[in-house]
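Trainee: Turn this into a structure:
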Amino acid sequence: MAFTKLHLIDPILKSLEAEGYQSPTPIQAQSIPYVLEGRDLLGCAQTGTGKTAAFAIPILQLLYKQKQEERGPRKIKTLILTPTRELAIQIDESFAAYGKHTGLSHAVIFGGVSQLPQVNILRKGIDILVATPGRLLDLISQGYIDLKDLKIFVLDEADRMLDMGFIHDVKRVITKLPAKRQTLFFSATMPPEIQKLADVLLTRPAKVEVTPVSSTAEAIDQSLYLVEKKDKPSLLLHLLNNSPISSVLVFTRTKHGADKVVKFLHRSHIASAAIHGNKSQNARQNALSNFKSGKIRVLVATDIAARGIDIDDLSHVINFELPDVPETYVHRIGRTGRAGNSGIAFSFCGADERDALKDIQKLIGKNIPVVNEHPFPSDAPAAPVPAMVRQKTPQQKPGAGNRGKSNHFKFRRKKDKIPSSHIAAHK
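Mentor: This is a model prediction of the structure:
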C-alpha cells in the first residue's frame, strides 16, 4: 500500500515524499484511517513500528482542514503527552517534517532551561503542543497554557509513564482537558493499571495491535555473552575493536555506571558520551547530536533513554547490564532494527543477572543464542526457557506477560524523574 491510498492531502504527501516515505508501516496503515474518522484509538505496538507518524500524520490533516474554516488567534488544538525529553523532541521534529507545508505551528516543552523565551512563543499562539507531564502542569499552574480549546489528546508510551512514576501527573493533566475530545492512547505493553486508564480515557475506541505485546523485532539478531561482572569493560572493548560496529547504543542500569563506562572508553581512545537524568539538557542534546552525526561512535545510556532515541541507522545495541524489568529489554533492543533495517543486539550477563535473564527469556518466549567464543567466558550455564513459555501462542492477550509483576512497573529511581522547567518551540 502507498500513502496515496490513505486519502492524505497534498501538503502532507509532499512532505512524506521529501522524507523518503513510500509505504506506511502496519500501524500507520491501520491507525491513520481511524484517526481521520475522528475515532478514539487504542494502539498497542512495540518501539520502532512507526507509531509517531501513525498519529502525527492524521492529526496534521485534521488540523489543516479546521484551519481553513477558522479565523482568529491560534489556540492549542492538540496535546501530545510523552514521558521523556528526548522522545518529546523527536515527536516535535516529526510534526515539523510531516507538516512543513501545512502552516501549522507547534512547540515542545520539558525541563532543563529557562522558560521565559519559550513562554513568549506560547503567548503568540500554537496549534500543537508536545509536552512532558511535569513541565506541562507547571506552566498550566502559572497560567501560560490553557487547554479549553483542545480537540485531540495523545497519550504516548503510557506504560513508560507508569514505569517512570508519572501516572499521577498524567491523571492530573487529564482533569485539565475538555470532556469532548478525540483521544489517542499508545502503549507497548498493557499492564492492568494502564488498561484501567485506557478504559477511563477512551470512548468506543478502535483497537490496533500490530505485534505481540512481548515480542522482539524479527529484524534484530540477538546474542548473549556470559561474562563475569569485572570483565564486562574488557569484553565491550574487545567487541568495539573486533566487530564491524559503526554505531552502538550501550545500556547500563545506573547513571554512575554509564559514566564509568564512558571514562573507560575514553582511556581506550574510543569517542563516546553518556546520556542520563543527571546530565544537563544541553549536554544530553549535544551527546545525541554528536552520536547522530557520527562524531562519536558509542552512546551510553540509562533506561530513561530506552524509548527516547530514534536513529534509523543504528547498527548495534549492547546491554552492558541486563535490565531489572523484562519488558525494558524489548524496548532497549528495539532502538536498532528500525525503519526496515536489520539490527544487532549483544547482551552481557553476569552470574548475578541470571534471574533477570530467565525473566527476559520467559517474556520473549525463546533462548537468546549464547556466544561461547570470546576472550572472557563465564563458567556458569545460561538460563533455560521455562517449559510453560514454549507453549505460549501468538494469541496471548495484551498484558498477559505481566501478570503477578505489577510491582515491576513502579518507579524505582526518583532521581531520573524529568525536571520541569523548559520549553523549546518551533514554527
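
Trainee: does residue 354 sit in a helix, a strand or a coil?
Mentor: helix (DSSP: H, G, I helix; E, B strand; the rest coil).

Trainee: do the same with residue 317
Mentor: What three-state DSSP gives for residue 317 is strand.

Trainee: Could you double-check that it sits in contact with residue 249?
Mentor: Yes - using Cβ atoms under 8 Å, residue 317 is in contact with residue 249, at 5.1 Å. The C-beta positions use only the backbone N, C-alpha and C, and glycine is treated the same way.

Trainee: list the residues that contact both of these two?
Mentor: With contacts defined as Cβ atoms under 8 Å, 6 or more residues apart in numbering, the residues adjacent to both residue 317 and residue 249 are 335-336.

Trainee: How many residues are close by residue 257?
Mentor: Residue 257 has 18 neighbouring residues, counting by other Cβ atoms under 10 Å.

Trainee: er, residue 267 actually
Mentor: Around residue 267 there are 10 residues (other Cβ under 10 Å).

Trainee: same question, residue 324
Mentor: As a burial measure, residue 324 scores 14 neighbours (other Cβ under 10 Å).

Trainee: do the same with residue 142
Mentor: 10.

Trainee: Find me the pLDDT at it, would you?
Mentor: Here, the pLDDT recorded for residue 142 equals 95.

Trainee: Can you tell me how far it is from residue 336?
Mentor: Relative to residue 336, residue 142 is positioned 40 Å away (Cβ to Cβ, to the nearest Å).

Trainee: now swap in residue 263 and tell me
Mentor: Counting by Cβ to Cβ, the gap from residue 263 to residue 336 is 25 Å.

Trainee: neighbour count winner among those two?
Mentor: residue 336 (27 against 13).

Trainee: Which of the three states applies to the more buried one?
Mentor: Strictly by three-state DSSP, residue 336 counts as coil.

Trainee: so what's it closest to, chain neighbours aside?
Mentor: Distances taken as Cβ to Cβ, 6 or more residues apart in numbering place residue 343 nearest to residue 336, at 3.0 Å, with adjacent residues excluded.

Trainee: go on, residue 233?
Mentor: Nearest one to residue 233, counting by Cβ to Cβ, 6+ apart, is residue 264 at 4.8 Å.

Trainee: who's in contact with the one you found?
Mentor: Residue 264 neighbours (Cβ under 8 Å, 6+ apart): 233, 236-237.

Trainee: again, 10 Å this time
Mentor: 232-234, 236-237, 270, 272, 300 (Cβ atoms under 10 Å, 6 or more residues apart in numbering).

Trainee: And residue 41, by the same measure?
Mentor: Here residue 41 is in contact with 30-32, 34-35, 54-55, 58, 154, 182-186, 202, 205-208 (Cβ under 10 Å, 6+ apart).

Trainee: Show me the beta-bridge partners of it.
Mentor: residue 184, residue 206 (DSSP bridges).

Trainee: What average pLDDT does stretch 285-292 get?
Mentor: 87.

Trainee: same question, stretch 52-72
Mentor: The pLDDT scores in stretch 52-72 average 91.

Trainee: how about that stretch: buried residues?
Mentor: 52-64 (16 or more other Cβ atoms under 10 Å).

Trainee: and if you look at stretch 2-22?
Mentor: 3, 6, 8, 11-13, 15-16, 21.

Trainee: of the residues you listed, the lowest pLDDT goes to which?
Mentor: Lowest confidence among these: residue 21, with 88.

Trainee: Can you tell me the closest non-neighbouring residue to that residue?
Mentor: residue 3 (6.4 Å).

Trainee: and that neighbour, what are its phi and psi?
Mentor: Backbone geometry at residue 3, expressed as degrees, to the nearest 10, gives phi -60, psi -30.

Trainee: go on, residue 123?
Mentor: Reported as degrees, to the nearest 10, the phi and psi values for residue 123 are phi -60, psi -30.

Trainee: what's around residue 322, how many residues?
Mentor: Close neighbours of residue 322, defined as other Cβ under 10 Å, add up to 24.

Trainee: what are the bridge partners for the nearest residue to residue 131 once chain neighbours are set aside, then?
Mentor: Leaving aside its sequence neighbours, residue 131 sits nearest to residue 109 (Cβ to Cβ, 6+ apart; 4.7 Å). Note on residue 109: beta-bridge partners residue 131, residue 423, judged by DSSP bridges.

Trainee: pretty sure residue 109 is touching residue 76, no?
Mentor: No - using Cβ atoms under 10 Å, residue 109 is not in contact with residue 76, being 11.1 Å away.

Trainee: Would you mind measuring from residue 261 to residue 153?
Mentor: Plainly put, residue 261 is 39 Å away from residue 153 if you go by Cβ to Cβ.

Trainee: Kindly report the same for residue 188.
Mentor: 19 Å.
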